[in-house]
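Visitor: what would the 3D arrangement of this be:
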Amino acid sequence: MYKPKALAMTTPFRLKHRTGTSVNGAMNGDYQDAATPAVRFGEYKPFHGSEALHAGTMQIQDGGTLITWYMPDYAFSDRVLINDNAATVYDVISIENVDNRNLYIVMKLRRVVTA
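Guide: Numbers count the residues shown, from 1 in each chain. I've put the predicted structure just below:
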């Protein structure tokens, strides 16, 4: 059975849900704080970084893994602010309910920075 170290879940993060409406098939929306609690705690580990040339601009792709306690409101369209800092906004690309036991969530995160 998977069991992370409980004392390691000390990194604060703010969860934001995507809200908005569909305009001509494109999502026109904003990100709002999760209901309660908006600031949660987990264990963040960066796992890669890469550079790419896209449309003539240099992009840095930064990723990581966030392990936290299970709550049913996590979704793929969410954003996560690590350390509750607006400069570190990550998009959720994968959510795994570990062993389907509703105890822990492992989220893969990605951030693209245009340099």
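
Visitor: which residues touch residue 71?
Guide: By CB atoms under 8 Å, 6 or more residues apart in numbering, residue 71 lies in contact with 40, 105. The C-beta positions use only the backbone N, C-alpha and C, and glycine is treated the same way.

Visitor: one more: residue 27?
Guide: 18, 20, 21.

Visitor: same check on residue 46?
Guide: So residue 46 contacts 62, 63, 64 (CB under 8 Å, 6+ apart).

Visitor: cutoff 6 Å now
Guide: Residue 46 makes contact with residue 64, according to CB atoms under 6 Å, 6 or more residues apart in numbering.

Visitor: likewise for residue 19?
Guide: The contact partners of residue 19, by CB under 6 Å, 6+ apart, come to 29, 30, 32.

Visitor: can you check residue 96 too?
Guide: Residue 96 touches residue 106, counting by CB under 6 Å, 6+ apart.

Visitor: given the strand or helix carrying it, what are its sheet partners and their directions?
Guide: Assigned by DSSP states H and E, residue 96 falls within strand 89-97. Sheet pairing for strand 89-97, assigned by DSSP bridges, gives strand 79-82 (antiparallel), strand 104-114 (antiparallel).

Visitor: apart from its chain neighbours, what residue comes closest to residue 57?
Guide: residue 114 (5.5 Å; CB to CB, 6 or more residues apart in numbering).

Visitor: circling back: out of the strands paired with strand 89-97, deepest packed?
Guide: strand 79-82 (a mean of 20; mean count of other CB atoms under 10 Å).

Visitor: C-terminal to the helix or strand of the chain with the lowest mean pLDDT, what's the next element?
Guide: Least confident helix or strand, the chain: strand 26-33 with a mean of 79, by mean pLDDT, DSSP states H and E. Next helix or strand after strand 26-33 toward the C-terminus (DSSP H and E): strand 39-54.

Visitor: who does the residue nearest to residue 57 bridge with?
Guide: When bridges are called by DSSP bridges, residue 114 pairs up with residue 59.
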